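S.K.: need coordinates for the following:
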Amino acid sequence: MIMAILLLAAYIAGSVNFSILLFKMLGRDDPRYHFSGTAGTTNVYRQAGMLWAGVVLLLDLARAIAVSWVALHFLSLNNVPWVGFTLVVGNRFPCFHQFRGGKGVASYLGFTALISPVAVALSTLVWLGVYGIVRVPFIASFFMTIVLAVGTVIVCGYETVAMAGTIITALFIFYSHKQNIAGLLRIPSPPLE
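M.R.: Numbers count the residues shown, from 1 in each chain. Next up is the predicted model:
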């Protein structure tokens, strides 16, 4: 029962999209109307600059850390990655914002902070390094996600339930970037839903 409550609570928490709310407070267009069509930190940066992107990132991280703390407090470590998955799903398909949100990378980063601080630090360095080379944020985010997933699997002792939740979360984040991949490969993709 506690697991079900935490899965639902994580989804609801993830469904609160700070960039959409922030843009509304600032009297700006919904961030999903421009550039990538998502409500993530990178799109906020493109539209409102570094300061507001930083604010959104910090809010996303803080929320994810709080959800992670609750999950670690009430669940066995092996079940915690599944709460991270529903948090990321909520961020991607938020029930409060027509099921169109961000791509979950910042949420996954924050969620992993208490599980594997070393993976978070290393993944941040990897993101900076990869972005410095390729100058494509979503590719850097893929490498970040891989490092976070590996760190989580190691901390969870390669336990099957934890590995399944971690792998599904990483694959979901990769899938959420399908339009970025299609654009990079010049493959036509369906319009945003």
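
S.K.: could you use CA atoms for every contact and neighbour count after this?
M.R.: Noted.

S.K.: hmm, Arg92 is touching Lys103, no?
M.R.: Yes. Contact criterion C-alpha atoms under 8 Å: Arg92 and Lys103 qualify, at 5.2 Å.

S.K.: quick check: neighbours shared by those two?
M.R.: Here Arg92 and Lys103 have Ser176 as joint contacts, going by C-alpha atoms under 8 Å, 6 or more residues apart in numbering.

S.K.: for Tyr131, what are its contacts?
M.R.: Counting by C-alpha under 8 Å, 6+ apart, Tyr131 touches Pro137, Ile139, Ala140.

S.K.: show me which of those are buried.
M.R.: Buried subset of these (neighbour count, 16 or more other C-alpha atoms under 10 Å): Ile139, Ala140.

S.K.: which helix or which strand is home to Phe23?
M.R.: For Phe23, the element it lies in under DSSP states H and E is helix 18-25.

S.K.: elements contacting that helix?
M.R.: Judged by 3 or more C-alpha pairs under 8 Å, 6 or more residues apart in numbering; DSSP states H and E, the packing partners of helix 18-25 are helix 50-74.

S.K.: residues in contact with the most centrally placed residue in the chain?
M.R.: Closest residue to the average C-alpha location of the chain: Gly104 at 1.9 Å, with C-alpha atoms, centre = their mean. Counting by C-alpha under 8 Å, 6+ apart, Gly104 makes contact with Gly40, Val88, Val89, Asn91, Arg92, Ile173.

S.K.: so which of these wins on neighbours?
M.R.: Asn91 (33 neighbours; other C-alpha atoms under 10 Å).

S.K.: now name the helix or strand holding it.
M.R.: In the assignment (DSSP H and E), Asn91 maps to helix 80-92.

S.K.: distance between the next helix or strand after that helix and the chain's centre?
M.R.: Using DSSP H and E, the helix or strand that follows helix 80-92 in sequence is helix 105-112. Put simply, helix 105-112 sits 5 Å off its chain's centre (C-alpha atoms, centre = their mean, to the nearest Å).

S.K.: what's near enough to touch the closest residue to Thr145 other than its chain neighbours?
M.R.: Of all residues not flanking Thr145 in the chain, Ala170 sits nearest, at 6.2 Å (C-alpha to C-alpha, 6 or more residues apart in numbering). The neighbours of Ala170, taking C-alpha under 8 Å, 6+ apart as the test, are Thr145, Ile146, Ala149.

S.K.: identify each buried residue in the lowest-mean-pLDDT helix or strand in the chain, please.
M.R.: Ranked by mean pLDDT, DSSP states H and E, the helix or strand of the chain with the weakest confidence is helix 178-185, at a mean of 82. Neighbour counts using 16+ other C-alpha under 10 Å place Gln179, Asn180, Ile181 of helix 178-185 among the buried residues.

S.K.: possible to save those residues as CSV with distance to Cys156?
M.R.: What follows is the buried residues of helix 178-185, written out as CSV (distance: C-alpha to C-alpha, whole Å):
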residue, distance to Cys156
Gln179, 32
Asn180, 31
Ile181, 31
